[in-house]
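In: Structure here, sequence nowhere to be found:
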RNA sequence: CCAGAUGUAGCGCAGUUGGUAGCGCGCCUCGUUCGGGACGAGGAGGCCGUGGGUUCGAGUCCCGUCAUCUGGACCA
């Protein structure tokens, strides 16, 4: 009987069906609900709270480096979108259009922003006149719309929430430094807060952002060996400035075009967290972004003193700055254990009559279910220590997964063989020709992910054509 | 966009050759419980995704459409 119920409520195991496992977690951890528009999901309170924590952390980071938040309109006139040729060609196929306002047919149709470069450029043209006006370090938190063909919660939705930074600088060097600084900020966010190791590098010309001179990326590896592009940072050169007529007078009163960047991370990161840390009991959340860091489960809570003690502990932890939830609902303890494991809460605190007698409680870690008996007087130090150890442990696990799923290959056959059983990152040398990149994609199924900053010498020649190699490239199957 | 699958109660499903809808979980009430998804007794809840068609009669057959899932192509 008990076993039957477990079967009913259990999620699909990731070994059986990774995609279904992912979908099960998304639903059962109450992160999203589907809406009545395809590809547009509702972020439920628990899912949105994770995003709020990511926002809070990253917003703090960019404020530290002098960025300011703004809010741009969500509509872009068609003529504005078309000013930069590469940009519009890249995005046109997936923009949504507004043709009517109420009963009025619009003279010029408006697209719902797929990204806001054009809006920022148009604005910069209004406000930038002099070198004294530079740089502008802007960012906005918003949602954008891209009419994707197939959609999956967090990973690919038609509307998604993100931040987009847009900066404009007097010199090329300054803009390039900004591009890399923000890429580093993304790496820090992923590594130190989301416990996700990433590979940092530059995109090939084929894979770079529409309108960018250089696109940089952080690539994370999921449990199943697939890649997730987790953040990108673009250097635009002065191409957008020229297209939009943004000019400034330098100190010698000479007119020149300023240099621009843009960079973004999105709610896709939540999908990355799920597929990096989750297990067959559900979600596993990094403490820094977990909406609940410690859940208190009272045992035999009808017995005198139990609930009072649980409330006392909750108040104490809250005062210590820990995000804590006391679940005093009338579900059984076992039900609560399973529920908060599904929701990925890092630490569970059990408190019952037997503990109270000993002035202690039980702490259980979500990642390994290790139980520790802790004196109640020690909680304020024991819990932060456990959260820190937890964060390090899940980072290490993710790092091990990354390290053990990167292989090298010197030719197409080796590349194919490397991913025969499961997807991996494959490092291979490349001559720099797009034709080879295309051929590799066609013959191995793997597009290039990036040219890592940390280059290695695997061989002298391109894995595809055998001509002298210029770069080591990481290839992989991506979400 | 292409291919396959699926839409029946909140969730998971059953529903026979077409005859007017059922099970488990969940939910509500009361009681007993509480250290790994507790138990009993009552109870509420469904235009069978949606629009047409065939038929005396459609959850069931036919056509369209929408959504979701899976896999491709495309992309944060």
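Out: Yep, that arrived. It should be emphasised that the depicted structure is a prediction, and the values quoted were computed from it without experimental measurement. Residues are numbered from 1 along each chain as shown, chains lettered A, B, ... in the order given.
In: Which residue is it, in the stretch 51-200 of chain A, that comes closest to RNA strand B?
Out: residue A:149 (3.3 Å; CB to the nearest atom of the strand). Placement of C-beta: from N, CA and C, glycine included.
In: what helix or strand is that residue on?
Out: Assigned by DSSP states H and E, residue A:149 falls within no helix or strand.
In: do the same with residue A:111
Out: Per DSSP H and E: residue A:111 is located in strand A:104-112.
In: just residue A:188 next, same as before
Out: Per DSSP H and E: helix A:172-188 holds residue A:188.
In: Tell me which other helices or strands that helix touches.
Out: helix A:45-64, strand A:159-169, strand A:198-202, strand A:214-221, strand A:227-237, strand A:259-266 (3 or more CB pairs under 8 Å, 6 or more residues apart in numbering; DSSP states H and E).
In: related to what we said a few turns ago, just give me how far the strand holding residue A:111 sits from the chain centre.
Out: 33 Å (CA atoms, centre = their mean, to the nearest Å).
In: Next, the buried residues of it.
Out: Neighbour-count burial for strand A:104-112 flags A:110-112 (criterion: 16 or more other CB atoms under 10 Å).
In: likewise stretch A:239-247?
Out: Within stretch A:239-247, judged by 16+ other CB under 10 Å, the buried ones are A:239-241, A:243-244, A:246-247.
In: on that earlier part again, so what touches the helix holding residue A:188?
Out: Outside helix A:172-188, the residues within contact range by CB atoms under 8 Å, 6 or more residues apart in numbering are A:58, A:61-62, A:65, A:135, A:137, A:165, A:167-169, A:198, A:200, A:214, A:216-218, A:230-231, A:233-238, A:259-261, A:263, A:265.
In: burial of the closest residue to residue A:211 other than its chain neighbours, as a residue count?
Out: In this structure, residue A:211 finds its nearest non-sequential neighbour in residue A:87, 3.6 Å apart by CB to CB, 6 or more residues apart in numbering. Neighbours of residue A:87 under the rule other CB atoms under 10 Å: 24.
In: Same question for residue A:192.
Out: 14.
In: give the contact list for it.
Out: Contacts of residue A:192 by CB under 8 Å, 6+ apart are residue A:288.
In: Surely residue A:434 is in contact with residue A:440?
Out: No. Counting by CB atoms under 8 Å, residue A:434 stays clear of residue A:440, with 10.5 Å between them.
In: Mind listing the residues bridging to residue A:110?
Out: For residue A:110, the beta-bridge partners are residue A:77, residue A:98 (DSSP bridges).
In: tell me the SS of residue A:275?
Out: helix (DSSP: H, G, I helix; E, B strand; the rest coil).
In: Which pLDDT value goes with it?
Out: pLDDT for residue A:275: 94.
In: same check, this time on residue A:91
Out: As predicted, residue A:91 sits at a pLDDT of 88.
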